[in-house]
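*Asks:* sequence first, then the predicted structure:
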Number of protein chains: 4
Amino acid sequence: MATPRVEVGVLGATGPVGQQFIARLASHPWFRLAWVGASLRSEGKRLSEIGWQLAQPLPDEVRDFVVQLPTPGRAPRIVFSALDAAVAATLEPAFAAAGHIVISNASSHRMDPLVPLLVPEINADHLGLVPAQQRQRGWTGAIVTNPNCSTVFLAMALGALRDFGPRSVLVTTLQAISGAGYPGVASLDIVGNVIPRISGEEEKVESETKKILGAANGETITPHPMTISATTTRVPVIDGHTELVSVAFDRTAALDDLRQAIESFSGRPQELRLPSAPVHPIVYLDQPDRPQPRLDVGRGDGMTVSVGRLRRCAVLDAKFVVLGHNTVRGAAGAALLNAELMLAEHLAD
Amino acid sequence: MATPRVEVGVLGATGPVGQQFIARLASHPWFRLAWVGASLRSEGKRLSEIGWQLAQPLPDEVRDFVVQLPTPGRAPRIVFSALDAAVAATLEPAFAAAGHIVISNASSHRMDPLVPLLVPEINADHLGLVPAQQRQRGWTGAIVTNPNCSTVFLAMALGALRDFGPRSVLVTTLQAISGAGYPGVASLDIVGNVIPRISGEEEKVESETKKILGAANGETITPHPMTISATTTRVPVIDGHTELVSVAFDRTAALDDLRQAIESFSGRPQELRLPSAPVHPIVYLDQPDRPQPRLDVGRGDGMTVSVGRLRRCAVLDAKFVVLGHNTVRGAAGAALLNAELMLAEHLAD
Amino acid sequence: MATPRVEVGVLGATGPVGQQFIARLASHPWFRLAWVGASLRSEGKRLSEIGWQLAQPLPDEVRDFVVQLPTPGRAPRIVFSALDAAVAATLEPAFAAAGHIVISNASSHRMDPLVPLLVPEINADHLGLVPAQQRQRGWTGAIVTNPNCSTVFLAMALGALRDFGPRSVLVTTLQAISGAGYPGVASLDIVGNVIPRISGEEEKVESETKKILGAANGETITPHPMTISATTTRVPVIDGHTELVSVAFDRTAALDDLRQAIESFSGRPQELRLPSAPVHPIVYLDQPDRPQPRLDVGRGDGMTVSVGRLRRCAVLDAKFVVLGHNTVRGAAGAALLNAELMLAEHLAD
Amino acid sequence: MATPRVEVGVLGATGPVGQQFIARLASHPWFRLAWVGASLRSEGKRLSEIGWQLAQPLPDEVRDFVVQLPTPGRAPRIVFSALDAAVAATLEPAFAAAGHIVISNASSHRMDPLVPLLVPEINADHLGLVPAQQRQRGWTGAIVTNPNCSTVFLAMALGALRDFGPRSVLVTTLQAISGAGYPGVASLDIVGNVIPRISGEEEKVESETKKILGAANGETITPHPMTISATTTRVPVIDGHTELVSVAFDRTAALDDLRQAIESFSGRPQELRLPSAPVHPIVYLDQPDRPQPRLDVGRGDGMTVSVGRLRRCAVLDAKFVVLGHNTVRGAAGAALLNAELMLAEHLAD
């Protein structure tokens, strides 16, 4: 791919997802971090002065980057957005209007009919919305989004099983605390405990999944007609959302066929050999008590989703366990993959 | 109730459930611990010399009790069994044959067609099996069982909703480590982790629940015809199983009616004012993020089940969260309530 | 003691320590909660409307209490203070000036030379400061304080060993998250982790302990001359601070003599049989791996401190482990014991 | 270094430290795993059939290795030993007698006066014991050991400060559960809890540290004369031992000088640029609440020790916090570094 590397920026650079962007961009073969923006509170500070929360260290070459105010037009063409939803609601359109390609992890515009909600292995063709978005909004830039961290793992498993016609889906999630940002969940609420609800999360899983698996018809996406019922909970795990899924299918689905579909699942990122694309988007684990966050969350550098325990469901047709890395495939890694796809498809030129 | 207190024994007294029996019997108004039995390994030791695992201290009055070999006929008429399933399989019938009323927490005989599997609020009438059991087996004693710790909370919630005709049930459990005994789960497997399977547990939940809610016809129990699909997982919680439940009903079930049924649920233990019976077998919690193990597991001295988050399910009809104390209502407390019921119904005279 | 019960109030009633006061006052034989005060943010709300954080439920009889603004003179004579230090700094003197006996858990006035810093088993005679405080400050009320939650357990152990002349003390604490209030420690910082510093805590342990063990000379307290070096850390435990202590003594101290002193330790609260006083302020545990938070924190209803592992120290003289309940003996329970002592000594009439 | 890679074996290959050896050897530039041995129970199984416990996957190229019985003489010249102490006591000498260089993580022979207890940055010269060992024992092979996982981090910090003459050391350790092997610590004992004792550990820390820092005089090691008092505890952390250390020195030690010594610490592995040697054996962290297991345990691929919070101690002279990776620098990584050192020094030819 192109030498020299393309300059990119990060909006909302000081939060945990912003820091993930910074860490993952440090060694990226296509992109070079050239600009970091955040709110007034951090403006003017060096990255070495913000509270770095990740286990991997702040890359040396960006320690002295000074945090800028997020002014549209004064950042690289491609910006990754780790903004809070409330801020993203107004700031991301302003950046898109000013000509920026906004690769966003925020929830604000995911359900906008003109904004692609991408899982590149499943719906790379939803990028067809971008020209319509630009024309209808009068933008020279664009907004492209990745799903909620608990949506993406379910969507990938269902994407692999799309040919069987998933009709009804019941999913219970056991979500890691890193999904709640920082400071996020109070320790008194979660050490040795379970919180049986994550506010707003169930609605996101239900609606986003249907859009992701929806059919692209020119300039609109028709949501997939399946019915989804989600229950989302928080458990004392650092990284890794575990999801217990039951599915009824329109077509006969032998367990062997389902498994075969999961193991052979692949998509546009694998065809294009995108830098962040894992060889296998999903791995199936045979051990009866897997996947587990501690042992499996890091597969494929956090970009591979693990599935196990595929078996008959007495009520629906089949049930299985899905696990994915919520801050990688569920956030910063997903956005990077989206950006790579756009670059490869010449949509970010 | 009767003064003086009835003498009872505990089989398998040295394990965690056995210790729960000892602790809860210390201040029991009807029963007095008079005998403790365990395997050769502990025989001859004083209770003060076994490794006491509970936060509540070993009661002073039993510190010097000497652990006996479990010889049928040489123990009080009523014995509580905390034996491992493999041992219970042969030892409990031997005790029953020798005239003991065996109130068992073991799984070995739960699905025996002649053995009541009791949740006294739901199926006190299943005690009608006892005379048949004695006649057909030629026993002067009897075996009566309580359910698996993950079954009982689901069964109670479904028992409260029995009139609506539960037809299909999907349940995902997040189970505490104390349910696995001691040493039980290795810490490396569960600190900051989730284990997405508990061996043999899903089958127990599915079959036991149908028996508990089954109809007593003279000397047989017809299992309830509903379909149950269970997924059971282990989470890093000390005490308290959280269960996420979705149910389809045969009859129309408005959420208000379901809630009313849960809140007004009551049974024979409440009528008889049994000592271990909570005033309300189930409480409904209005807060949107409850029940939680840390805050709710101790309700009703561990005998009350908590329900919350009752809402529509897009796939089945309704969904909700259930929580109960696995070593109390799910084990020793359940067995005590069974024994109280039998005493009150003059089945242990 | 006196019927009818003495009316009391709670300042800072909505936080975790305030809630502990409310819970523990519900069944108190001497005191009756009659007033709750908190900041503007909660003013006018019923207690049933604040977010109740404790496992024990909000007592029914106070559910409808309306939170008042903390106006000096418009509360009962005795008020318990769970205020934040910054607020307590000015509000507690205002209450004392208006005639209230302020029994404070806040740190603001603990080191004030005229304010008693009480551990009633050790320094009940420090109450002699109260008349001086009233005279010099012109107050008709008074301020009396209890120590920091990590100080009190060390102070009690050293108090028991006072006759041996503790000269040098090295202590490392492993502190529970409930000691940090709510929301307190972020879960990402402590799940599966250790934080090797608690800001400001080491200084408190070092200075408060010396004042507590100090000699009362009329109207002044001479701090104990021992040298203390504290290292304070946070660990993922809900309740219970564990402290690893090494001590050098001025006088020869055989391990048997030290143990005898610990086991026979008793003080004014035990003489007066104060309602919150445990029979044994300290218990010594023989098992080699005790005390442990999970098993021992609840001893004496949380008012008993546990000590174990007394053995020779190769560098100083002796070392041992101390454990106490940080929100009971380390906060609300300590303040209640202080109030009981004052009432019994006719200092709160 | 040498092409082709030197063949090595692993004794005790199925346990957690054995698995660490297998994982770390997979990509080692000097060594190639050629043989795995374990007890009868695993003999004949393929590595893919043993229960793999690590987050990093079993390397593909060794999946089909068949576990052999540990027969001296039928393994490569260099064998890494992850045997249990009881087995190592007799088996390691048998391997050494049969000509194997046994690089052992077991405790059995660490305190043997003829066996080097190596931390290569500190006492590479202790390898001078090897010829004496061979001569006196009549071995053509040898045994070389690395310290206990809680010893090595303390030893490295004291090694860096050796010139100041450490005289008295008080250390409290907060040790991770991975240090106890598998299944190791029961989850009920450690979730939300602290165990204030690790059996036998304090003695190891005290004696091993003095040997490591001891002076080599020809064929004997004179232990360092300092006095050490250790308290070792277990906390719910997966990987990473945190140690709180206080030291008195013979020579005046300004904090700046101590820090300078820590930061400039380096040794023979760095001179020789051994493959497992971190550029900096110790890093000093300026942030006031560091090092922390979650954030710092992986530094230098687990081979770097982190130090922080260097400050005055009121009782001794200085105190600080040390953190290291217990299964890497504290076990398998330490043994690999030892083997690299021996190869580079031509002691394993």
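*Replies:* All right, it came through fine. Note that the structure is a prediction, hence the values are computed from the model and not measured. Residues are numbered from 1 along each chain as shown, chains lettered A, B, ... in the order given.
*Asks:* please tell me how far A:Val297 sits from chain C.
*Replies:* 13 Å (CB to the nearest CB, to the nearest Å). (Each C-beta comes from the backbone N, C-alpha and C, glycine too.)
*Asks:* doesn't A:Gly330 make contact with that residue?
*Replies:* No - when contacts are counted by CB atoms under 8 Å, A:Val297 is not listed as touching A:Gly330 (10.5 Å).
*Asks:* buried stuff in stretch A:340-349?
*Replies:* By 16 or more other CB atoms under 10 Å in any protein chain shown, the buried positions in stretch A:340-349 come out as A:Glu340, A:Leu341, A:Met342, A:Leu343, A:Ala344, A:Leu347, A:Ala348.
*Asks:* and those residues, which is closest to chain D?
*Replies:* Nearest to chain D among the buried residues of stretch A:340-349, counting by CB to the nearest CB, is A:Glu340 at 24.9 Å.
*Asks:* remind me which residues of chain A are low pLDDT?
*Replies:* The model of chain A has pLDDT under 70 over residues A:1-3.
*Asks:* which of the buried residues of stretch A:340-349 sit farthest apart?
*Replies:* Distance extremes for those: the farthest pair is A:Glu340 and A:Leu347 at 11.1 Å, using CB to CB.
*Asks:* list the contacts for the closest residue to A:Thr304 other than its chain neighbours?
*Replies:* Once flanking residues are discounted, A:Thr304 sits nearest to A:Pro278: 4.4 Å by CB to CB, 6 or more residues apart in numbering or on different chains. Counting by CB atoms under 8 Å, 6 or more residues apart in numbering or on different chains, A:Pro278 touches A:Arg299, A:Gly300, A:Asp301, A:Met303, A:Thr304.
*Asks:* contacts only, for the last one.
*Replies:* Taking CB under 8 Å, 6+ apart as the criterion, A:Thr304 is in contact with A:Pro278, A:His280, A:Pro281, A:Ile282, A:Val283, A:Arg329.
*Asks:* which one of those residues sits closest to B:Ser187?
*Replies:* The closest of the contacts of A:Thr304 to B:Ser187 turns out to be A:Val283 (CB to CB; 26.5 Å).
*Asks:* right, and the closest one touches A:Gly308 too?
*Replies:* No - in this structure, A:Val283 is not within contact of A:Gly308 by CB under 8 Å, at 9.1 Å.
*Asks:* the more surrounded of those two?
*Replies:* A:Gly308 (23 against 19; other CB atoms under 10 Å in any protein chain shown).
*Asks:* and the helix or strand hosting the more buried one, what other elements does it pack with?
*Replies:* Using DSSP states H and E, A:Gly308 maps to strand A:305-312. On a contact count with 3 or more CB pairs under 8 Å, 6 or more residues apart in numbering or on different chains; DSSP states H and E, strand A:305-312 meets helix A:149-160, helix A:255-263, strand A:282-285, strand A:318-324.
*Asks:* just say which of the ones you listed is most tucked in.
*Replies:* With neighbours taken as mean count of other CB atoms under 10 Å in any protein chain shown, the helices and strands packed on strand A:305-312 reach their highest mean count in helix A:149-160, at a mean of 27.
*Asks:* take the buried residues of stretch A:340-349 and keep only those in helices.
*Replies:* Residues of those located in helices (DSSP state H): A:Glu340, A:Leu341, A:Met342, A:Leu343, A:Ala344.
*Asks:* start and end of stretch A:153-173, how far apart?
*Replies:* For stretch A:153-173, the first and last residues are 10 Å from each other (CA to CA, to the nearest Å).
*Asks:* same check on stretch A:50-67?
*Replies:* For stretch A:50-67, the end-to-end distance is 9 Å (CA to CA).
*Asks:* does any part of that stretch sit near chain B?
*Replies:* No - counting by CB under 8 Å from any CB of the partner chain, no contacts exist between stretch A:50-67 and chain B, the nearest distance being 13.3 Å.
*Asks:* close to chain C: what parts of the stretch 101-250 of chain A are there?
*Replies:* A:177-178, A:182-192, A:236-238.
*Asks:* which ones, among these, also lie beside chain B?
*Replies:* A:Asp189, A:Gly192, A:Pro236, A:Val237, A:Ile238.
*Asks:* my guess is the fourth one meets B:Gly192, correct?
*Replies:* In this case it means A:Val237. Yes - contact between A:Val237 and B:Gly192 holds when scored by CB under 8 Å: they sit 5.6 Å apart.
*Asks:* next, show the common contact partners of these two.
*Replies:* Taking CB under 8 Å, 6+ apart as the criterion, A:Val237 and B:Gly192 both touch A:Pro293, C:Val191.
*Asks:* looking at the two, which is more packed in?
*Replies:* Each of A:Val237 and B:Gly192 has its neighbours counted (other CB under 10 Å); A:Val237 has more, 28 against 25.
*Asks:* including distance to D:Glu208, could the helices and strands packed on strand A:305-312 go into TSV?
*Replies:* Shown next, in TSV, are these (distance: least, CB to CB, whole Å):
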stretch	distance to D:Glu208
helix A:149-160	45
helix A:255-263	49
strand A:282-285	40
strand A:318-324	40
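*Asks:* out of the ones you listed, which is closest to A:Leu244?
*Replies:* strand A:318-324 (5.9 Å).
*Asks:* can you give the distance from the closest one to the centre of its chain?
*Replies:* 18 Å (CA atoms, centre = their mean, to the nearest Å).
*Asks:* and A:Ile221, what element?
*Replies:* With DSSP H and E as criterion, A:Ile221 is part of strand A:220-222.
*Asks:* now check the next helix or strand after that strand, is it near chain B?
*Replies:* Per DSSP H and E, strand A:220-222 leads on to strand A:227-234 as the next helix or strand towards the C-terminus. Yes - interface with chain B: strand A:227-234 contributes A:Thr227, A:Ile228, A:Ser229, A:Thr231, A:Thr233 (CB under 8 Å from any CB).
*Asks:* can you tell me which helices and strands strand A:227-234 packs against?
*Replies:* strand A:166-175, helix A:201-212, strand B:241-249, strand B:318-324.
*Asks:* and with 10 Å instead?
*Replies:* helix A:149-160, strand A:166-175, helix A:201-212, strand A:241-249, strand B:166-175, strand B:241-249, strand B:305-312, strand B:318-324 (3 or more CB pairs under 10 Å, 6 or more residues apart in numbering or on different chains; DSSP states H and E).
*Asks:* between the fourth one and strand B:241-249, how many degrees?
*Replies:* On the basis of axes from the mean of the first three to the mean of the last three CA atoms, to 10 degrees, strand A:241-249 is oriented at 20 degrees to strand B:241-249.
*Asks:* check the third one too.
*Replies:* With the same axes, to 10 degrees defining the directions, helix A:201-212 sits at 60 degrees from strand B:241-249.
*Asks:* which parts of helix A:201-212 are buried?
*Replies:* For helix A:201-212, by 16+ other CB under 10 Å, it's A:Glu201, A:Glu202, A:Lys204, A:Val205, A:Glu206, A:Ser207, A:Glu208, A:Thr209, A:Lys210, A:Lys211, A:Ile212.
*Asks:* not counting sequence-adjacent ones, nearest residue to the last one?
*Replies:* Spelled out, that is A:Ile212. A:Ala155 is the one closest to A:Ile212 (CB to CB, 6+ apart), at 4.5 Å.
*Asks:* also A:Gly192?
*Replies:* Nearest to A:Gly192 is D:Gly192, by CB to CB, 6+ apart, at 4.1 Å.
*Asks:* measure the one you found to A:Gln133 for me?
*Replies:* 50 Å (CB to CB, to the nearest Å).
*Asks:* am I right that A:Glu7 is in a helix?
*Replies:* No - looking at A:Glu7 with DSSP: H, G, I helix; E, B strand; the rest coil, it is strand, so not inside a helix.
*Asks:* report the contact partners of the closest residue to A:Arg74 other than its chain neighbours.
*Replies:* Counting by CB to CB, 6+ apart, A:Gln68 is the residue found nearest to A:Arg74 once chain neighbours are left out, at 7.2 Å. By CB atoms under 10 Å, 6 or more residues apart in numbering or on different chains, the contact list for A:Gln68 reads A:Gly9, A:Leu11, A:Ala13, A:Trp35, A:Val36, A:Gly37, A:Ala38, A:Ser42, A:Glu43, A:Gly44, A:Arg74, A:Ala75.
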